[in-house]
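Peer 1: I'll drop the sequence and a predicted model, then ask my questions.
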Amino acid sequence: MIIGPLFALFGALAFALANVAIAKGAHEGERNNGAFLSILMTACLSGSLWLLLGPPLPAMTTEVFAGLGFFAASGMLATVIGRLTLFRSVILAGAINAGLFRRLIPLFATLFAFIILGETIGWLAGAGMAIILASLLGVMSARDDARRSGQKPGRRLSGLGRGRMFGALSAASYGASYSARKLGMSAVPDPILGTFIGALTGIIWYAGGSLVSRNYRKVVATSFNGMEKWQFVAALSMSFGQMAQFFALLHADVAVVAIIGSLEVFLGIYLAAYVFRTEAPPERRIVVASFVATIGVVLVALP
């Protein structure tokens, strides 16, 4: 069914918009990247939609309880573990090295889907995924070359190794969250409820952290000190992106959703260059790679 890939593509666009809005806000001096605000907004938006449009909560059987638990686990894996280890990786190994491991998320997602869910990939979809991954690696190597030209050498090897370890853990955690969402919806096929529970899990984590950590209290407090324009755009986009991923997983396999979601990189480049004008227009190699990736998406989306 093509509806699953379409939701995945919409989710990639929403996450790309969120990333560009965060960069735009930082460029204009806004103080908060909207991370915690996005969790709050996701919970409020999905909770409201579920109350208005969602089906009633099914009877609490063992299967339903397990499904809700998988929704909570997906929130912990993506919102908490994945994000915290990513930030730690950036601090220790730098943004370029951390970004390399983010590209492994679709591979981890596919691996976990095969091990946990028993999902297999047809040759046509597999060819499309390979094309997308090759294009993604090509475009990111081009951007990394440009970044390295201005990067100072000398990062400590001990920190680099630990940073790469955290980067791999972050990618694995994000990849595993796809399978957790899919398992949750196999028991409770309600994407809006799944989004709400995942976000609620993140809120509970931040609330608990605020009791013992000054940093957590600062993050929570600054989220309520006035909502800047780009902070709001980023938070709202992340909310729609998370819901779109849940809807995509309801209609498509984990590998398909994860691979199409990686197109966020291409979409972010074009949004930054031509809509928000925070970066220079992409070079020819990136344009060609994005065109090739589009062919891969068509192959993946075909039944």
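Peer 2: Thanks, I have it.

Peer 1: all helices of the stretch 1-150 of the chain, in order?
Peer 2: 3-27, 35-53, 62-75, 83-93, 95-102, 105-112, 123-148 (DSSP state H, counting those that start in this stretch).

Peer 1: pLDDT weak spots in the stretch 1-150 of the chain?
Peer 2: Within the stretch 1-150 of the chain, the set of residues satisfying pLDDT under 70 comprises 1, 25-35, 90-91, 93-101, 136-150.

Peer 1: so which of the helices of the stretch 1-150 of the chain is nearest residue 264?
Peer 2: Closest to residue 264 of the helices of the stretch 1-150 of the chain is helix 3-27 (Cβ to Cβ; 4.4 Å). Backbone N, C-alpha and C define where each C-beta goes, glycine included.

Peer 1: and that closest one, what's buried?
Peer 2: Buried residues in helix 3-27, counting neighbours by 16 or more other Cβ atoms under 10 Å, are found at 4-25.

Peer 1: contacts for stretch 244-257?
Peer 2: With contact meaning Cβ atoms under 8 Å, 6 or more residues apart in numbering, stretch 244-257 is reached by 1, 3-8, 10-11, 14, 106, 109-110, 112-113, 117, 119, 121, 125, 129, 178-179, 181-182, 185, 189, 191-192, 194-195, 260-261, 300-301.

Peer 1: circling back to that earlier point, which one of the helices of the stretch 1-150 of the chain is the most hemmed in?
Peer 2: Comparing the helices of the stretch 1-150 of the chain by mean neighbour count (mean count of other Cβ atoms under 10 Å), helix 105-112 comes out on top with a mean of 23.

Peer 1: what helices or strands is that helix leaning on?
Peer 2: Under the contact criterion of 3 or more Cβ pairs under 8 Å, 6 or more residues apart in numbering; DSSP states H and E, helix 105-112 touches helix 123-148, helix 157-187, helix 254-261.

Peer 1: to residue 269, which of the ones you listed lies closest?
Peer 2: Minimum separation from residue 269 across these (Cβ to Cβ) falls at helix 123-148, 7.4 Å.

Peer 1: contacting residues around residue 131?
Peer 2: So residue 131 contacts 292-293, 295-296, 299 (Cβ under 8 Å, 6+ apart).

Peer 1: what residues are up against the spatially most central residue of the chain?
Peer 2: Central residue of the chain (Cα atoms, centre = their mean): residue 15, 6.8 Å from the mean position. If a contact means Cβ under 8 Å, 6+ apart, then residue 15 has 237-238, 241, 261, 264 as its contacts.

Peer 1: ok, back up a step: who wins for proximity to residue 168 among the helices of the stretch 1-150 of the chain?
Peer 2: For the helices of the stretch 1-150 of the chain, proximity to residue 168 was assessed by Cβ to Cβ; helix 95-102 is nearest, at 5.6 Å.

Peer 1: what is the burial count for residue 277?
Peer 2: 11 (other Cβ atoms under 10 Å).

Peer 1: repeat for residue 215
Peer 2: By other Cβ under 10 Å, the residues close to residue 215 number 9.
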